[in-house]
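*Asks:* Build me a model from this:
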Amino acid sequence: MITPTQLMDNVVHSAVIAQKKLEGSLTAEYMLSERPVDGTIYSFRSISFETEFMLQESQNRKFLLFFRSAGQTTRLIHKLNFDLRSEPSPPVPPFQSAGASRNLHLGLPLFMLSLSEDRAVRQATKDAMENARWTARLDASRTQVLSAAKGLLKDFIKDSGCLAFRLDRDGSQFLVVSVTKNGGPDGIYLYLPGIDSVIIFSLPSVPQDQIEYQPMHQFAMVLYESLFGAVPNQQVVQLEDSTGIISGLDIFVDQLNQSYGKARSSLATSGLTPSPIPSYLEIGPLKAAIRYSTSFDAKSQTLRTSMILRHGISTLAAVADDDIRAVGGMAEIVITPNGADQETRVVIGMPSFVVSGANLDIFVKLARSKAKEIASKFADDSFPVQTYIDAISSRQDVVALHSFDNDKPDGHLLTLWPGIGNAAGLHFVFKCRIDSKAQSMDSVSKVLALGQDLADAKLTISDHQYAPFHNVFHSILLWSAALRDK
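*Replies:* I've put the predicted structure just below:
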């Protein structure tokens, strides 16, 4: 096992030695007479380094890298690559502090918030509710609103807590959900920063037979946009802000950042000067693709995330990589020189409570095989369900979310089909259970059919119809708590 710094030192040291040997084998007369303009005849034009590695956490909570020689593994496999390029002039020496910055450029799916944003939105929502800057879409007293506001900043506890989501790119609307125990009722709030006020759709202390579908619809639309084409929302944050995305990511990014800075310093003082026309080596951008898994820890009865084990705990190692229950995700890290400084970018892929990638392809395939059964659940609505299902040949336009009411993913999903992006604003929502190992779908049931654009009419749903949405928020809550558990 080695540290990231040791790995990069070894690569840089080997490249410098090879370059010195190459120069030493050529005469000064040859180099001066035959050297082309770009100086590459006696130097490496570029050296590419790429490796796959696994991680192990050390006693001081740093990460060590090690490598697989053969066979299967229960470990997550990560990738790292960078190039060393030939340059005619010495590389710019980095600042002594290069690699020590706590700032990074963080790219998140459109609906996701960083830790600091999440806290700020919940605080602003609480302030608006406590200072009577709210309107309610239900019968609610000021006392009930004040009581609900108190819970917006509480830490996650088992089965309850508060979530916040961005609903549009310009930050003009945020959805805040207080997830309650045992199925609700949840608190659902729309915070509007432009007028610093809150629209209240439901309160934890006030049972409702009907609730407006608008906030769930808006949440589904931003998920659709995030899945199918939206550029990640970019912001400069403190390194610690990435902790709430993947537990331990901030530590590993810091290690890579410092290792990269040391490699730059080493190349700037490499001693590649014995030849009459020296050629230097400069490091290009470092890129790393980091996987993480989210799984259920039977011992602690909680979800856990891991950048180490393939499914978080070894008891789940037998679950196949394409199992829709084995939720996980990906982060991309890019570190680039910026003069004497350097810049770190981290882009987070779709979080694991959203079915995406290969798992979404599996789901679409299973749904198409069950098109008649799904359509039969909507027979009373005169809604062209089977037509919509048959029209989808790939993952495009389908939003499927984990929707479980216990402590672990169990294959239950809430699905919006054919998505929210069609011109008529029509879609239908159903729930089901997936067993991708057995390649089967069962427990299909109707939630709702939206045959009108919500811009033209309000739609209310019953508490029974809201239940799978509660389970979605419950799933997200457990996922968020797992990421922040250090």
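*Asks:* what about stretch 352-368, distance to the chain center?
*Replies:* From the chain centre to the centre of stretch 352-368 is a distance of 17 Å (CA atoms, centre = their mean, to the nearest Å).
*Asks:* likewise stretch 45-56?
*Replies:* 23 Å.
*Asks:* same question, stretch 401-418
*Replies:* Using CA atoms, centre = their mean, the distance between the centre of stretch 401-418 and that of its chain works out at 18 Å.
*Asks:* One more: stretch 286-296?
*Replies:* With CA atoms, centre = their mean, you get 9 Å for stretch 286-296.
*Asks:* And stretch 386-404, by the same measure?
*Replies:* The answer for stretch 386-404 is 21 Å, by CA atoms, centre = their mean.
*Asks:* Flag every buried residue along it.
*Replies:* Residues of stretch 386-404 classed as buried by neighbour count (16 or more other CB atoms under 10 Å): 386, 388-389, 392, 395, 397-404. (C-beta placed from N, C-alpha, C; glycine too.)
*Asks:* Could I get the pLDDT score of the closest residue to residue 337 other than its chain neighbours?
*Replies:* Using CB to CB, 6 or more residues apart in numbering and skipping residues adjacent in sequence, the residue nearest residue 337 is residue 264, 6.7 Å away. Note for residue 264: predicted pLDDT of 91.
*Asks:* so when I look at residue 264, I'm seeing a strand, right?
*Replies:* No: when the secondary structure is assigned by DSSP: H, G, I helix; E, B strand; the rest coil, residue 264 falls in helix instead of a strand.
*Asks:* now residue 127, what's its secondary structure?
*Replies:* helix.
*Asks:* how far away is it from residue 236?
*Replies:* Counting by CB to CB, to the nearest Å, the separation of residue 127 from residue 236 is 25 Å.
*Asks:* So between the two, which is more surrounded?
*Replies:* residue 127 (14 against 10; other CB atoms under 10 Å).
*Asks:* Flag the shaky bits of the stretch 301-450 of the chain, pLDDT-wise.
*Replies:* For the stretch 301-450 of the chain, the stretches with pLDDT under 70 are 301-304, 310-328, 393-396, 418-426, 436-438.
*Asks:* hmm, back to that, quick one: the residue nearest to residue 337 from residue 281, how far?
*Replies:* Residue 264 is 11 Å from residue 281, by CB to CB.
*Asks:* Then residue 260?
*Replies:* The value you get for residue 260 to residue 281, if CB to CB is used, is 14 Å.
*Asks:* what number of residues lie near residue 210?
*Replies:* 15.
*Asks:* ok, now the one 5 residues further on?
*Replies:* Residue neighbour count, defined by other CB under 10 Å, stands at 23 for residue 215.
*Asks:* Check whether it sits in a helix, strand or coil.
*Replies:* Assignment for residue 215 (three-state DSSP): helix.
*Asks:* What residues does it make contact with?
*Replies:* By CB atoms under 8 Å, 6 or more residues apart in numbering, the contact list for residue 215 reads 175, 188, 190, 201.
*Asks:* measure the first one to residue 44 for me?
*Replies:* Meaning residue 175. Counting by CB to CB - residue 175 and residue 44 are separated by 53 Å.
*Asks:* Between these two, tell me which one has more neighbours.
*Replies:* residue 175 (23 against 15).
*Asks:* So that one is in contact with residue 221, correct?
*Replies:* No: in this structure, residue 175 is not within contact of residue 221 by CB atoms under 8 Å, at 11.0 Å.
*Asks:* ok, back up a step: filter the buried residues of stretch 386-404 down to the ones in strands?
*Replies:* 399, 400, 401, 402 (DSSP state E).
*Asks:* about what we covered before: and for residue 264 and residue 281, which residues touch both?
*Replies:* residue 91.
*Asks:* Buried residues, the helix or strand hosting residue 361. List them.
*Replies:* Using DSSP states H and E, residue 361 falls within helix 357-369. Within helix 357-369, the residues scored as buried using 16+ other CB under 10 Å are 357, 359, 360, 362, 363, 364, 366, 367.
*Asks:* Give the next helix or strand downstream of it.
*Replies:* Defined by DSSP H and E, the subsequent element after helix 357-369 is helix 371-376.
*Asks:* Might you calculate how far that next one sits from the centre of the chain?
*Replies:* 33 Å.
*Asks:* what ranges do the helices span in the protein?
*Replies:* Secondary structure of the chain by DSSP state H: the helices cover 4-24, 28-34, 115-130, 142-150, 214-227, 249-268, 357-369, 371-376, 385-391, 463-484.
*Asks:* Which one, of those helices, ends up nearest to residue 440?
*Replies:* helix 357-369 (7.1 Å; CB to CB).
*Asks:* Now do the closest one: which elements does it pack against?
*Replies:* On a contact count with 3 or more CB pairs under 8 Å, 6 or more residues apart in numbering; DSSP states H and E, helix 357-369 meets helix 385-391, strand 412-417, strand 427-435, strand 440-450.
*Asks:* got a pLDDT number for the nearest residue to residue 146 once chain neighbours are set aside?
*Replies:* Once flanking residues are discounted, residue 146 sits nearest to residue 130: 6.2 Å by CB to CB, 6+ apart. You'll see residue 130 listed with a pLDDT of 97.
*Asks:* surely residue 130 meets residue 149?
*Replies:* Yes: using CB under 8 Å, residue 130 is in contact with residue 149, at 5.1 Å.
*Asks:* Please name the bridge partners of the nearest residue to residue 82 once chain neighbours are set aside.
*Replies:* Distances taken as CB to CB, 6+ apart place residue 286 nearest to residue 82, at 4.4 Å, with adjacent residues excluded. When bridges are called by DSSP bridges, residue 286 pairs up with residue 335.
*Asks:* ok, residue 286 to residue 186 distance?
*Replies:* The value you get for residue 286 to residue 186, if CB to CB is used, is 43 Å.
*Asks:* Then residue 350?
*Replies:* On the measure of CB to CB, residue 350 and residue 186 end up 23 Å apart.
*Asks:* Compare the two (neighbour count), which wins?
*Replies:* residue 186 (23 against 17).
*Asks:* residues contacting the more buried one?
*Replies:* So residue 186 contacts 177, 178, 179, 180, 202, 204, 470, 473 (CB under 8 Å, 6+ apart).
*Asks:* cool, and residue 219?
*Replies:* By CB under 8 Å, 6+ apart, the neighbours of residue 219 are 111, 165, 167, 175.
*Asks:* can you count the residues close to the first one?
*Replies:* Okay, so that is residue 111. Residues near residue 111, counting by other CB under 10 Å: 25.
*Asks:* again with residue 265
*Replies:* 18.
*Asks:* I figured it hits residue 93, correct?
*Replies:* Yes: using CB under 8 Å, residue 265 makes contact with residue 93 at a distance of 6.7 Å.
*Asks:* Just the ones in strands from the contacts of residue 186, please.
*Replies:* 177, 178, 179, 202.
*Asks:* To residue 2, which of the helices and strands packed on helix 357-369 lies closest?
*Replies:* Across these, closest to residue 2 is strand 427-435 (CB to CB), at 40.4 Å.
*Asks:* So what touches that closest one?
*Replies:* 324-325, 362-363, 366-367, 370, 374, 377-378, 381, 383, 385, 388, 403, 410-420, 440-450, 468.
*Asks:* change it to 6 Å
*Replies:* 324, 383, 385, 411-417, 441-450, 468 (CB atoms under 6 Å, 6 or more residues apart in numbering).
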